[in-house]
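Chemist: this one's structure only:
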Ligand SMILES: Nc1nc2c([nH]c(=O)n2[C@@H]2O[C@H](COP(=O)(O)OP(=O)(O)OP(=O)(O)O)[C@@H](O)[C@H]2O)c(=O)[nH]1
């Protein structure tokens, strides 16, 4: 058994969404491969403290804000690493590299450099996942009204849509899903369909979103490019991770009419349940776009909402 080495790595992000990668220098393991800046956690340090130190030593920058994001383990020939990924949206000082052969700013989904360190594939996929998920509720506001709201939000930049229509009858749900997915994809957004893998396939969606009961019943990941699940407990989150799903949605953070009477997690409860998972976790439950900063500080990838996000893209 190789010893576990804790490593802290930073997704240092500029306002245009680009993030910094460094190329490993000759004479290290995997020379020439690209990585997120960071390094080993030393005795007595938390991963967050290690990252602040490493980014100062490696890049000469001082971290001003840091959000926990994902944790992934990987077995290399030389070590078993546990990578603690943080997002670093704010720092001071000029980036001045001291250890890498090269540095580049890159955008998720259109990487111009390679290869990446083997552990980092899922990290890059997670970075392609937009931060705000709009969940449809045509069953409540009507099909035409929902399609109009969808069009406005897509025009305003919404890039992740979950079609969730438990109240519509099957034929109306089918035609609504086909139309919503078509419009989302035409705008370059990802579209997932709640609870029905076959419907997701029929309407050409990017993936399926599993309600918790379906997650509990599954043994293998559905064969679609994007698969996520609704979770309410640590056990459900761990199941989503074990099935190698692409994301989870955890709630309810606040009070929501969708689940009346359900005790709200609050941000502390959310942070505790979502900590140390290998997949991105959206916060859900009575949230609006104004909750994004609190969500990310609590370790969320972003927020999902039925009512609270559509208007933010109007
Ligand atoms: N910094 C960083 N390390 C990563 C990433 N992905 C990944 O698998 N790792 C692994 O985590 C470890 C990073 O530790 P490090 O950078 O301090 O260590 P190193 O290999 O340069 O060795 P050394 O510090 O002993 O000279 C390496 O085994 C590296 O392969 C990543 O994105 N960033």
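Modeler: Received, thanks. A quick note: this is a predicted structure, and the numbers were derived from the prediction, not measured. Numbering: from 1, shown residues only.
Chemist: Does residue 191 touch residue 208 like I think?
Modeler: No: in terms of Cβ atoms under 8 Å, residue 191 does not count as a neighbour of residue 208; the distance is 10.4 Å. Any C-beta I mention is one placed from the backbone N, CA and C, and that applies to glycine too.
Chemist: Mind checking what secondary structure residue 270 has?
Modeler: helix (DSSP: H, G, I helix; E, B strand; the rest coil).
Chemist: distance of residue 54 from the ligand?
Modeler: Residue 54 sits 7 Å away from the ligand, going by Cβ to the nearest ligand atom, to the nearest Å.
Chemist: What residues does that residue make contact with?
Modeler: Neighbour list for residue 54: 8, 10, 37-39 [criterion: Cβ atoms under 8 Å, 6 or more residues apart in numbering].
Chemist: hmm, 6 Å instead?
Modeler: 38-39 (Cβ atoms under 6 Å, 6 or more residues apart in numbering).
Chemist: Phi first, then psi, for it.
Modeler: Dihedral angles of residue 54 (phi, psi; degrees, to the nearest 10) stand at phi -60, psi -40.
Chemist: Can you give me the neighbour number for the closest residue to residue 195 other than its chain neighbours?
Modeler: On the basis of Cβ to Cβ, 6 or more residues apart in numbering, the spatially nearest residue to residue 195 that is not a chain neighbour turns out to be residue 211, at 5.2 Å. Residue crowding around residue 211 was assessed by other Cβ atoms under 10 Å; the count is 13.
Chemist: The one 5 residues further on too?
Modeler: When neighbours are counted by other Cβ under 10 Å, residue 216 registers 12.
Chemist: pLDDT at it, what is it?
Modeler: On the pLDDT scale, residue 216 is placed at 97.
Chemist: Secondary structure class of the closest residue to residue 118 other than its chain neighbours, three-state.
Modeler: Leaving aside its sequence neighbours, residue 118 sits nearest to residue 74 (Cβ to Cβ, 6+ apart; 6.8 Å). Using three-state DSSP, the structure places residue 74 in strand.
Chemist: go on, residue 178?
Modeler: Of the three states, residue 178 takes helix under three-state DSSP.
Chemist: Residue 183: how many residues sit nearby?
Modeler: With neighbours defined by other Cβ under 10 Å, the count for residue 183 comes to 16.
Chemist: Check the offset of the helix or strand containing it from the chain's centre.
Modeler: Residue 183 belongs to helix 170-186 when assigned by DSSP states H and E. Put simply, helix 170-186 sits 24 Å off its chain's centre (Cα atoms, centre = their mean, to the nearest Å).
Chemist: May I see the buried residues of that helix?
Modeler: Of all the residues in helix 170-186, those buried under the rule 16 or more other Cβ atoms under 10 Å are 173-174, 176-181, 183-185.
Chemist: Where does pLDDT dip in the chain?
Modeler: For the chain, residues meeting the criterion pLDDT under 70 lie at 1.
Chemist: Can you say which helix or strand has the residue in the stretch 151-300 of the chain positioned nearest to the ligand in it?
Modeler: The ligand sits closest to residue 278 of the stretch 151-300 of the chain, with a gap of 12.8 Å, by Cβ to the nearest ligand atom. Remark: residue 278 resides in no helix or strand, with elements defined by DSSP H and E.
Chemist: Could you measure from residue 299 over to residue 165?
Modeler: Distance from residue 299 to residue 165, counting by Cβ to Cβ, to the nearest Å: 30 Å.
Chemist: need the contact list for the spatially most central residue of the chain.
Modeler: Central residue of the chain (Cα atoms, centre = their mean): residue 280, 3.5 Å from the mean position. Residues counted as contacts of residue 280 (Cβ under 6 Å, 6+ apart) are 126, 129, 247, 301.
Chemist: Nice, that's everything, thank you.
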